[in-house]
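Colleague: Let me see the structure of the following:
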Amino acid sequence: SMESYSRAYPFIARLGALRELEHAKTLLDEGSVESRRVHYRDHLAPRWEARLLGAATSSTVQMLALRRACLEVAGLGHEAANCSELSARLARKAGSVTLAQSDLRDAARLGASSDALLIAEAKLALVDNSPASALRAYTMLEPVELDVRAMRSKFGLLEYHEGGSAEGTSRAYVASREGGPPQRRHRAALRRTLAKRLVVATDCLVEAQMRHGA
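Modeller: This next block holds a predicted model:
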């Protein structure tokens, strides 16, 4: 029954935490930080992600805190920062602003991307749904790039016209294939950050009851 499951779940969660500690120990068995990073990416991360998807909301924060500590001990600061960012996002959605702020400070300490932190902080500023907070969040995101030509040049986008000509009725932008895989991955990451920034900035303007060009 659900009542029996509710009583048993805390013990199941503790057993899961012990299992994750055992998994984390395998990271320390790897010699270098880079080999630990590969081991985490190929073996631990998929397993941990599956467990997180099946976990109850009440235990998710504790699981992420444990993982963050394990990854930090293993010298994987970037991966530990990702745990802090995810924990902050879950706390924000639950309305726990203070906890979300604490997690973002941890993420910054662990070397999280400044762009990712800025977007997360702007989203957090929107929690109270007031026009003043929305304006403050938008100010945090400025400058927001709105010039399509500038974005095309900066992020390696090629304009595509349906039918192969400028007279086509449909227009889109596709990623350039120039450069090697590292360069293409870098441009893809920049494009994702730009897209998130534009979406959050638009949410801020809507929340502040503003219009573009006003």
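
Colleague: who are the neighbours in contact with Gly77?
Modeller: By C-beta atoms under 8 Å, 6 or more residues apart in numbering, the contact set of Gly77 is 71, 110-111. For glycine as for every other residue, the C-beta is placed from the backbone atoms N, C-alpha and C.

Colleague: please redo it, this time with the cut-off set to 7 Å
Modeller: Neighbour list for Gly77: 110-111 [criterion: C-beta atoms under 7 Å, 6 or more residues apart in numbering].

Colleague: ok, now how distant is it from Ala45?
Modeller: Gly77 sits 15 Å away from Ala45, going by C-beta to C-beta, to the nearest Å.

Colleague: And Arg136, by the same measure?
Modeller: Separation of Arg136 from Ala45 (C-beta to C-beta) stands at 35 Å.

Colleague: Please apply the same query to Ser96.
Modeller: For Ser96 relative to Ala45 (C-beta to C-beta), the value is 25 Å.

Colleague: do Ser58 as well
Modeller: 23 Å.

Colleague: again, but for Glu22
Modeller: 16 Å.

Colleague: quick one, which of those two is more surrounded?
Modeller: Ala45 (14 against 8; other C-beta atoms under 10 Å).

Colleague: Excluding sequence neighbours, find me the nearest residue to the more buried one.
Modeller: Leaving aside its sequence neighbours, Ala45 sits nearest to Glu79 (C-beta to C-beta, 6 or more residues apart in numbering; 7.9 Å).

Colleague: From the chain's centroid, how far away is whichever helix or strand that neighbour is part of?
Modeller: In this assignment (DSSP states H and E), Glu79 forms part of helix 77-93. Distance, stretch centre to chain centre, for helix 77-93: 7 Å (C-alpha atoms, centre = their mean, to the nearest Å).

Colleague: Let me know the next secondary structure element after that helix.
Modeller: For helix 77-93, the succeeding helix or strand toward the C-terminus, using DSSP H and E, is helix 97-109.

Colleague: Buried residues in the helix holding Glu79, which are they?
Modeller: The neighbour-count check on helix 77-93 (16 or more other C-beta atoms under 10 Å) flags 79-92 as buried.

Colleague: between those residues, which is nearest Gly31?
Modeller: Gly31 lies nearest to Glu79 out of these, by C-beta to C-beta, at 17.4 Å.

Colleague: Tell me how far that closest one lies from Arg68.
Modeller: Counting by C-beta to C-beta - Glu79 and Arg68 are separated by 9 Å.

Colleague: same question, Arg185
Modeller: Arg185 is 25 Å from Arg68, by C-beta to C-beta.

Colleague: how about the strands in this structure?
Modeller: Ranges of strands within the chain are 157-161, 171-175, based on DSSP state E.

Colleague: In contact with Asp128: list those residues for me.
Modeller: So Asp128 contacts nothing (C-beta under 7 Å, 6+ apart).

Colleague: Can you get me a residue count around the residue lying closest to Leu198 once chain neighbours are set aside?
Modeller: Here the nearest residue to Leu198 in space, its sequence neighbours aside, is Val144; by C-beta to C-beta, 6+ apart that works out to 6.6 Å. Val144 is flanked by 14 other residues according to other C-beta under 10 Å.
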